[in-house]
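Okay, sequence plus prediction incoming.
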Amino acid sequence: MMGETMDDAMEGENDEAEEAAIVSQILDEIGIDTSQLVPDAPMRAPVGSKAAAAEEPAGPVAVGADPAVSELEARLNNLRNS
């Protein structure tokens with residue numbers, strides 16, 4: 001009897017496709033289009049925030065220079081010199 005109760009309780013937990021279809025139908029009925037892409041989140045903190053000030057480079061950096069590229073170039077040069 002306990003096994004049947006557990007089976008009844010767990011029944012329908014693998015109905016993800018059916019759930020997705022129902023959610024899609026409801027969203028269509030209320031006019032929400034889920035096919036639109038969500039815009040990309042910003043990669044930096046807003047200007048003027050404490051986090052943005054902490055992200056600023058400590059030393060002078062050439063305009064357009066990417067610190068990650070500079071670091072990779074330095075590591076590559078170290079490998080070439082070894």
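Okay, I see it. Quantities reported herein were computed from a predicted structural model and do not represent experimental measurements.

Helix, strand or coil: sort out Met43 for me.
coil (DSSP: H, G, I helix; E, B strand; the rest coil).

Count the neighbours of it for me.
Using other Cβ atoms under 10 Å, the number of residues around Met43 comes to 6. Using the backbone N, CA and C atoms, a C-beta is placed for each residue, glycine as well.

From Ser70, how far out is it?
Noted for Met43: a distance of 18 Å to Ser70, by Cβ to Cβ, to the nearest Å.

lowest-pLDDT helix or strand in the chain?
helix 50-55 (a mean of 58; mean pLDDT, DSSP states H and E).

now Ala68, what's its secondary structure?
Assignment for Ala68 (three-state DSSP): helix.

Now do the contacts for it.
Taking Cβ atoms under 8 Å, 6 or more residues apart in numbering as the contact definition, Ala68 lies against nothing.

Could you tell me the per-residue confidence at it?
Looking at Ala68, its pLDDT is 84.

Now do Leu72 against Ala20, distance only.
From Leu72 to Ala20 the distance is 42 Å (Cβ to Cβ).

how about the nearest residue to Asp33, chain neighbours excluded?
Nearest residue to Asp33 in three dimensions, chain neighbours excluded: Leu27, at 7.9 Å (Cβ to Cβ, 6 or more residues apart in numbering).

how much space is there between that neighbour and Glu16?
16 Å.

Those two: which is more packed in?
Leu27 (12 against 8).

Next, give phi and psi for that one.
With angles defined as degrees, to the nearest 10, Leu27 sits at phi -60, psi -40.
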